[in-house]
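S.K.: below are the sequence and a predicted model for it; my questions follow.
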Amino acid sequence: MREIDVSSLSAWFGSKQVLHDINLGIERSAATAIIGPSGCGKSTLIRCLNRMHEEVRGARVEGKVLFDGEDIYDPRVDPVVIRRRIGMVFQKPNPFPTMSILENTVAGLKLLGRLPKAELQARGEKALRAAGLWDEVKDRLGDPGGRLSGGQQQRLCIARALAVEPDVLLMDEPASALDPSSTLRIEELVTELKDRYTVVIVTHNMQQAARVADWTLFMLYGEVVEFGPTSRIFTTPEDKRTEDYVTGRFG
Amino acid sequence: MSATVPAIEVPRTISSQRRTKDRIFSIALWASVVIALIPLLLIVYRVVRLGLAAVSVSLFAHTALPANMAGGGMKQAFLGTAMIVGIAIVISVPLGVLTGIYLSEYGSGRIASVVRFTAEILLSIPSIVAGAFIWALVVVALGSFSGLAAGVALTVIMWPIMARATEEVLRLVPTELREGGLALGYPRWRVIMRVVLPTAGAGVLTAIMLAVARGLGETAPVLLTALGNDFVNTNPMKPTDAVPLRVYNYVQSAYPAWRALAWGGALMLLLGVLVLSVTARMLSIRQQRRMR
Amino acid sequence: MVVSVGLVVMLALLLWVLADGGWRAIREFGLHFIIGRDWNPVSGRESYGALPFIFGTAVTSLIAMVLAMPIGVGVALFLNESGSAWIKNPLAVLVDLLAAIPSVVYGIWGLFVLVPLFDHTVQPWMSASIGKVPIIGDLFTFNGPGGDIFTAGVILAIMILPIVTAVTREVVSVVSSETREGAMALGATRYETIRLGVLPTARPGIIGAGMLGLGRALGETIAVALVIGNSTRITASLFNPGYTIPAVIANEFREATSAGVHRSALLFLALLLVLIALGMATVSRLLVRRTTRLLGGDVAAQEEAATSTLGMA
């Protein structure tokens, strides 16, 4: 069952076209990885899925992205609403520096209206548990978010994204700024999360994609080269370029 | 284990409350921009309008005359400013540029940090304090107000500006250039003179222009040190007039003829400062492009 | 290097000269200098109580801050959020030009344009409206034409606006690039992104910008001297004339050349001014650093940028 349906998506930075006519279907309750060499457009693609790409000066998008029956690029659709339902975690962990751990977690919830403190607390705990961070911080929820380690900060950002109960979680190279054990932790998290959420993860690490993703998309020069079940992409790819990439002949 | 929390209601659109707040905020930002620009436009307009009326050859060619006589001017003030600012440039440019070079090229030690900190402090002292300082030191010591004292007072203000600006410009010169010179066997000093300074050339000029723009328009330090003069004075050891000073005096006078001249002087000051600032800015943009 | 150390020597000399000159006044009048209200240089009846000037300086600077801060932060946020270079660059240049205008030009405009405008229109109106409110109304009682504290405050606000805007801009731009995406990805509107992500982290830096502006306002001489009315009485209404420390130094130095308590008094006031301005600048720097520290990591470069703008005061 398709959660997101991308058709004929193209994107530009100013006059430079970085995505060419992308067609893609993201499956619900599964993890989809986007891989490819540097500069192939994978970050741009994922940012088009929650309308973050257009926030850059001079950036432009054309095409359709169907989500829950609607084209998110329809002029009548408010990007702010989309971003609540399609959340994002970034490469560099970015918790709000002046907020405590709990405040960070429920920051998105507070935007939705006044909720009683007890409820915020409960939802915060739920999100922190889902992000695998609860046990480590439950005694110090009031501590500033910036005091956590890099890996913990990233899980805090994941908790923050999960607290607003999105349908989709986009992850733009979430572990590339982290040490190996934190990376492992994040990967375990992705495997847990994909049952309840639809996860799309960009990674420059092929093995990571092989470990966590059900589906894999290989991109080159802003185009889709091949898309399919992860096992097929890595063992019996249909396109020669895919084969070259996954066997390490380039990139 | 916490109690299960129900899923959140998913609204299709944002609440109107949030939208309204966002809109009000945008309007507030626009409003502040408009409010900020209004005084600038009003001032420039008024100064240009009234100043142009007073600008004529006589403004520059004649010296001050008693208010009931027609055709007075501010010649002595223009010449005085030239002299005072000239003295200030002669003293402060070498001092400022050298300090800037020191801070940029040798700038990581304890001494350098102290110097940098001092420069920052000096940048934020009120200009009248610079005037009071030189007043207490030079005027009282020499027994009279003088153009020289005013030049020194302006140096107190211009030196830190030039030092800071020069340091920044030199910092922009890529390290590779320096390393190239050193690798050829040039001593440090030579590298600075032959490689770093020429590359940064226009930038240093920008620094000087900015400092001069500031020095031109300063009234308070000049007031306390040069006192002013109704006649052309070529002796730096005697009281001298300056344009901002003359404008300040004429503004407070009861005579319309003098007040009109004040607007003329104000316009000239504004033009001088703006021309210098804009040129400095354009030079600096060009310089930055060259360094890329 | 010798030359550069000379800079430090100069500062030290400055402080010493002022302290040495001002010492006599403090010795003779002690605490009275600061809290006394009478300022009488006439020899034979000399008395120096500087409270009117301290009061005037404080009040005008406060008015300037209250007016300039919201506008300055607003303009800074606008410039930061603004998408098109078309609006952004010219606007930034214009605001910076405000900084280049010499204070005597502000003064002449203030005296001939702003003072009459306020005297004939704004102040009578405010006096009739807010002036009637009990207690605060006394602040706004109009008492006749002429220079006054309020007008001086407004002129100061215009003069410090550029520096408040410039420093706030630097701070906000650094903070914004770090926290903005996080907030947007949660589904925040532009206002919420700023309120949630940018402002709390930028707050120390913004206060720092304010302190810098305050420091500038405290020391401004010429424009204030022209529009404040130069009266040594302390009154309740803001629409009455007043006096500030820099203004009295500028107005009275001529009579004080001979060594005497008068000169000493003025020098001490100058010393006071330097120390306060110095204090403000230091506090401001610490505050801006606080903001960059909150962000951690590789923001050292941006801190350089922020503090260098401070230098271009």
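M.R.: Nice, I can see it.

S.K.: C-alpha only now, for contacts and for neighbours.
M.R.: Fine.

S.K.: quick one: B:A31 from chain A, how far?
M.R.: Taken as Cα to the nearest Cα, to the nearest Å, the spacing of B:A31 relative to chain A amounts to 23 Å.

S.K.: so that residue is in which element?
M.R.: In this assignment (DSSP states H and E), B:A31 forms part of helix B:16-54.

S.K.: same question, A:F218
M.R.: Using DSSP H and E, the element containing A:F218 is strand A:215-220.

S.K.: show me which residues of that strand are buried.
M.R.: Within strand A:215-220, the residues that count as buried by 16 or more other Cα atoms under 10 Å in any protein chain shown are A:W215, A:T216, A:L217, A:F218, A:M219, A:L220.

S.K.: after it, next one along is what?
M.R.: strand A:223-229.

S.K.: what sits up against the helix or strand immediately after that following strand in the chain?
M.R.: Moving toward the C-terminus from strand A:223-229, the first helix or strand encountered (DSSP H and E) is helix A:230-235. Under the contact criterion Cα atoms under 8 Å, 6 or more residues apart in numbering or on different chains, helix A:230-235 has outside partners A:A209, A:A210, A:A213, A:D214, A:W215, A:T216, A:E226, A:F227, A:T242, A:E243, A:V246.

S.K.: quick one: mean pLDDT over helix A:230-235.
M.R.: Averaging pLDDT along helix A:230-235 yields 90.

S.K.: stretch B:32-52 now?
M.R.: In this model, stretch B:32-52 has an average pLDDT of 90.

S.K.: what about it, near chain C?
M.R.: Yes: under the criterion of Cα under 8 Å from any Cα of the partner chain, stretch B:32-52 makes contact with chain C via B:S32, B:V33, B:I35, B:A36, B:L37, B:P39, B:L40, B:I43, B:R46, B:V47.

S.K.: on that earlier part again, can you list the buried residues in the helix holding B:A31?
M.R.: Across helix B:16-54, burial judged by 16+ other Cα under 10 Å covers B:18, B:22, B:25-26, B:28-33, B:36-37, B:39-40, B:43-44, B:46-48, B:50-52, B:54.

S.K.: quick one on the thing from earlier: now rank the contacts of helix A:230-235 by neighbours and give me the top one.
M.R.: Each of those was scored for neighbours by other Cα atoms under 10 Å in any protein chain shown, and A:T216 scores highest at 28 neighbours.

S.K.: hang on, the earlier thing: who does the helix holding B:A31 touch, helix- and strand-wise?
M.R.: Helices and strands in packing contact with helix B:16-54 are listed as helix B:256-291, helix C:51-81, helix C:85-100, helix C:103-109, helix C:149-185, helix C:190-193; criterion 3 or more Cα pairs under 8 Å, 6 or more residues apart in numbering or on different chains; DSSP states H and E.

S.K.: got the angle between it and helix B:256-291?
M.R.: Between helix B:16-54 and helix B:256-291, the angle comes out at 120 degrees (axes from the mean of the first three to the mean of the last three Cα atoms, to 10 degrees).

S.K.: after helix B:16-54, which helix or strand is next?
M.R.: Per DSSP H and E, helix B:16-54 leads on to helix B:57-61 as the next helix or strand towards the C-terminus.

S.K.: give me the contact list for that following helix.
M.R.: Residues from elsewhere that reach helix B:57-61, judged by Cα under 8 Å, 6+ apart: B:G71, B:G72, B:G73, B:M74, B:K75, B:F78, B:L261, B:G264.

S.K.: cool, and stretch A:123-137?
M.R.: Contacting residues not belonging to stretch A:123-137 are listed as A:101-102, A:105-106, A:152, A:155-156, A:158-160, A:162-163, A:189, A:193, B:2, B:5 [Cα under 8 Å, 6+ apart].

S.K.: buried set for that stretch?
M.R.: Using 16+ other Cα under 10 Å as the test for burial, stretch A:123-137 gives A:R123, A:G124, A:E125, A:K126, A:A127, A:L128, A:A130, A:A131, A:G132, A:L133, A:W134, A:V137.

S.K.: and which of the contacts of helix B:57-61 is nearest B:M193?
M.R.: Of all the contacts of helix B:57-61, B:M193 sits closest to B:F78, with 35.3 Å by Cα to Cα.

S.K.: follow-up on the earlier one: tell me which strands the strand holding A:F218 pairs with, and in which orientation.
M.R.: Sheet pairing of strand A:215-220 (DSSP bridges) gives strand A:31-35 (parallel), strand A:223-229 (antiparallel).

S.K.: the stretch 101-250 of chain A: helices as residue ranges?
M.R.: In the stretch 101-250 of chain A, helices defined by DSSP state H, counting those that start in this stretch lie at A:101-110, A:117-130, A:134-137, A:150-163, A:180-193, A:206-212, A:230-235, A:240-246, listed in chain order.

S.K.: comparing those helices, which comes out most buried?
M.R.: Of all those, helix A:150-163 has the most neighbours on average by mean count of other Cα atoms under 10 Å in any protein chain shown, namely a mean of 27.
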